[in-house]
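[1] Turn this into a structure:
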Amino acid sequence: MTLAGHLMELRRRVIVCVAALAVTCTLAFVLYQHLLSFMQHPYCDAFPKDCSFYVTSPLDGLSLRFKLAMFGGLILASPVVLWEFWRFITPGLKPNEKRYAVPFIVSTITLFLGGCALAYYSFTHALEFLRAIGGPSLKNIIQPNAYLSLMMLLMVMYGIAFIFPVLLVSLEIAGVVSSAQLTKWWRPAVIVITLISAIFTPTGDPFSMLLLMVPLIAFYFLAIGVGKMLHR
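    Take a look at the predicted model:
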């Protein structure tokens with residue numbers, strides 16, 4: 001394809017992604033109350049006596065609805081966005097590389113959503129840890145925007161971290177690293193994963209850190225095994 005052809009193809013892919021985001025964000029905006037109740041569950045589990053949200057500005061409700069609509073829309077549209085991305089770069093791949101496109105997309109989406117789900121599960125423990133650190137004399141008056149911002153940050157970070165094995169396998173397929181090298185580097189890799197887990201856990205609680213660290217270490221060795229199988 002010529003440069004103009006690539007630009008036209010990119011434009012078409014971007015239009016499809018924007019259209020998908022518009023549809024999913026609109027859907028999330030309509031289902032706002034259901035999404036808010038779903039996101040509030042960890043808070044109610046951590047504070048069963050009173051898990052009400054408090055707003056301090058008349059515009060907080062509007063900004064909250066838009067924020068939740070954007071976040072929900074991005075999660076729902078992620079399969080379409082990833083698919084369009086791969087369809088754009090597929091023409092530049094070699095025939096033996098193209099066959100990995102669909103497994104790569106499925107693995108990326110599954111692992112990202114799995115990371116988001118794990119973050120959602122661990123958020124109750126994170127809130128309990130933060131409450132214990134603050135001490136019993138503190139009264140919790142939580143603003144929904146701050147709560148959702150922290151929760152979304154945790155989910156996105158877990159989701160991105162869970163794509164780690166896909167990146168490793170891609171580097172093995174491209175010949176940048178080998179399974180033998182990854183096996184040799186496993187000790188420093190565990191140390192780096194531990195540090196990354198501490199950085200990627202904004203709540204700072206040990207439980208959430210372990211929930212992220214243990215799967216990433218398992219994914220590291222899984223990526224080594226997948227790399228060996230693909231090169232047989």
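
[2] now the helix or strand containing Ala22: mean pLDDT?
    Using DSSP states H and E, the element containing Ala22 is helix 3-30. Mean pLDDT, helix 3-30: 88.

[3] before we move on, what about stretch 82-99?
    For stretch 82-99, mean pLDDT rounds to 71.

[4] Return the distance of Phe104 relative to Val166.
    To Val166, Phe104 is 6 Å away according to C-beta to C-beta, to the nearest Å. In short, each C-beta sits where N, CA and C put it, glycine included.

[5] Identify each buried residue in the helix holding Ala22, please.
    For helix 3-30, the neighbour count (16 or more other C-beta atoms under 10 Å) marks 13, 17, 20-21, 24-25, 28-29 as buried.

[6] next one: stretch 54-70
    Buried residues in stretch 54-70 (16+ other C-beta under 10 Å): 64-65, 68-70.

[7] Now flag whichever of these is closest to Ser122.
    Leu68 (19.9 Å; C-beta to C-beta).

[8] Just the pLDDT for that closest one.
    You'll see Leu68 listed with a pLDDT of 90.

[9] isn't it right up against Leu148?
    Yes: using C-beta atoms under 8 Å, Leu68 is in contact with Leu148, at 6.5 Å.

[10] anything in contact with each of the two?
    When contacts are counted by C-beta atoms under 8 Å, 6 or more residues apart in numbering, Leu68 and Leu148 have Met39 as shared neighbours.
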